[in-house]
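K.L.:
Requesting a structural model of the entry that follows:
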Amino acid sequence: MPDWSRLARDLSDVLHLSQPPIAITFSDRPPPGVPAFDEPMPDPLADGRTGRVPAGCVFWIKAAERSFTTEAADHANCSVGSFTHGFVDAADIAGKGDVAALVETGWAPPGILDVLPRIRTRPAHVSYGPLADAGTDPDVVLLRLNPKQAMVLSDAVPGLRFEGKPQCHIIPMAKEDGQVAVSVGCMLSRVRTGLPSTDMTAAIPAGRLAEVIESLDRTNRADSAVAAYAAEDAARFGP
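P.N.:
From the prediction side, this is the model:
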């Protein structure tokens, strides 16, 4: 098994991350020694929706501090996130109030579920936690980035995808298609998670992480050389 603790450290160092990289793991059984996420569920809405957090993307925030595993019911307050993570099919959520609200406001087109990337198998569990603490091989590594860090990642990864709403669909893009993807975020997720307007997210297939770190290191060296040149050149123009 790769040394995920070392890779987490190298990734944080090369991108100067302010938040730890997160490991996301899809599995039929909970990973050994990883506790279930057990915060209480609120009463269900009229359409039956409830979950342990407002949306699955909230787990990304909580996973910066501890490792835990989840199941479908924990994610179920967000129908779109449950769909992208493979927990439900389109027919299961077509009548849900949150899907109706997204379409009625014009935030999403009526056929959004027909085109969204999604996990192709139905997982029993999705586990989250700091990559440095990963005891099993994760599927996806999730990062929080600022625009400069996204610039460096874009330079380092040819073919990197920049995506919009909903933010969570970059997870299946990484897991199912092996793509490195950045999301500029979505208003639904930003409100539910409190993600600052200065931040965005990126998903990296865990199996590509060492390769990405190596490319980031080369990009950083080139950027440092260009920065030195630009600073010297700009000095001719005074303070």
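K.L.:
Go ahead and measure how far the longest helix along the chain is from the middle of the chain.
P.N.:
As assigned by DSSP state H, the longest helix anywhere in the chain is helix 209-234. With Cα atoms, centre = their mean, to the nearest Å as the basis, helix 209-234 stands 25 Å off its chain's centre.
K.L.:
With stretch 72-83 instead?
P.N.:
Distance, stretch centre to chain centre, for stretch 72-83: 15 Å (Cα atoms, centre = their mean).
K.L.:
for the residue nearest the centre of the chain, what are its contacts?
P.N.:
When Cα atoms, centre = their mean is applied to the chain, the residue found nearest the centroid is Leu142 (4.4 Å). Taking Cβ atoms under 8 Å, 6 or more residues apart in numbering, we find Leu142 in contact with 21-24, 60, 171, 201-204. Bear in mind the C-beta positions are built from the backbone N, C-alpha and C, glycine included.
K.L.:
List the buried residues for the longest helix of the chain?
P.N.:
Residues 209, 212-213, 215-216, 219-220, 223 are the ones in helix 209-234 that count as buried (16 or more other Cβ atoms under 10 Å).
K.L.:
What lies in contact with the helix or strand of the chain with the lowest mean pLDDT?
P.N.:
Lowest on mean pLDDT, DSSP states H and E among the helices and strands of the chain sits helix 112-115, with a mean of 91. Residues outside helix 112-115 that contact it (Cβ under 8 Å, 6+ apart): 80, 83, 90, 93-94, 99, 102-103.
K.L.:
please redo it, this time with the cut-off set to 10 Å
P.N.:
Residues from elsewhere that reach helix 112-115 (Cβ atoms under 10 Å, 6 or more residues apart in numbering): 79-80, 83-84, 88-91, 93-94, 99, 102-103, 109, 165-166, 169.
K.L.:
Spell out the residue ranges of the strands in this structure.
P.N.:
Ranges of strands in the chain, per DSSP state E, are 22-27, 68-70, 125-130, 140-145, 161-163, 181-183, 200-205.
K.L.:
for those strands, which one sits closest to Pro239?
P.N.:
strand 140-145 (30.8 Å; Cβ to Cβ).
K.L.:
who does that closest one pair up with?
P.N.:
strand 22-27 (antiparallel), strand 200-205 (antiparallel) (DSSP bridges).
K.L.:
what pLDDT does the nearest residue to Asn146 once chain neighbours are set aside get?
P.N.:
Leaving out its chain neighbours, the residue that sits closest to Asn146 by Cβ to Cβ, 6 or more residues apart in numbering is Thr198, at 5.7 Å. On the pLDDT scale, Thr198 is placed at 96.
K.L.:
Isn't Thr198 up against Ala150?
P.N.:
No: using Cβ atoms under 10 Å as the test, Thr198 is too far from Ala150 to be in contact (11.1 Å).
K.L.:
Looking at the two, which has the bigger crowd around it?
P.N.:
More crowded of Thr198 and Ala150, by other Cβ atoms under 10 Å: Ala150, with 21 against 9.
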